[in-house]
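Engineer: sequence and computational prediction follow.
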Amino acid sequence: MYPFPRRCWKKTKIVIENDCKELLYQIFKYPITQYFDEIIPFPDWTGAKRSYWIDFMSAGVFEIWVMWIKNGQKETLEEISSLIRFFHK
């Protein structure tokens, strides 16, 4: 699963607490959409279908990371990564 850098967690929490989540998403979006573009499980998907799936998955992963950081990272990184992999299937 795409790694959300551990070194960013503290700063990310500050950004989230200050209602700048949209800015954070713009920073996050490019690398995560590139990741999903490379691993797309539907090679025959092109155009809008491919683009919407990539945007949908990227936004979902982002929201999971935000909720996890906002909630104090009670689950381990491995648990969150496993949850994302489960949702991806």
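Structural biologist: Done, it's in. Note that this is a predicted model, so its numbers are computed, not measured.
Engineer: now the helices: where do they sit in the protein?
Structural biologist: Using DSSP state H, the helices of the chain run over 9-17, 21-39, 47-70, 77-88.
Engineer: what angle do the first one and helix 47-70 make?
Structural biologist: Using axes from the mean of the first three to the mean of the last three CA atoms, to 10 degrees, the direction of helix 9-17 lies 100 degrees away from that of helix 47-70.
Engineer: tell me which residues of helix 9-17 come out buried.
Structural biologist: Within helix 9-17, the residues scored as buried using 16 or more other CB atoms under 10 Å are Thr12, Val15, Ile16. For glycine as for every other residue, the C-beta is placed from the backbone atoms N, C-alpha and C.
Engineer: tabulate the helices of the chain in JSON lines, adding columns for mean pLDDT.
Structural biologist: Output for the helices of the chain, formatted as JSON lines (pLDDT from 0 to 100):
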{"stretch": "helix 9-17", "mean pLDDT": "75"}
{"stretch": "helix 21-39", "mean pLDDT": "82"}
{"stretch": "helix 47-70", "mean pLDDT": "88"}
{"stretch": "helix 77-88", "mean pLDDT": "87"}
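Engineer: in TSV: the buried residues of helix 9-17, plus distance to Trp65.
Structural biologist: Formatted as TSV, the buried residues of helix 9-17 follow (distance: CB to CB, whole Å):
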residue	distance to Trp65
Thr12	8
Val15	12
Ile16	10
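Engineer: which among those gets closest to Ile84?
Structural biologist: Among these, Thr12 lies closest to Ile84 (CB to CB), at 16.4 Å.
Engineer: now do the same contact list for the closest one.
Structural biologist: Counting by CB atoms under 8 Å, 6 or more residues apart in numbering, Thr12 touches Leu24, Trp65, Val66, Ile69.
Engineer: how does it look with 7 Å?
Structural biologist: Leu24, Ile69 (CB atoms under 7 Å, 6 or more residues apart in numbering).
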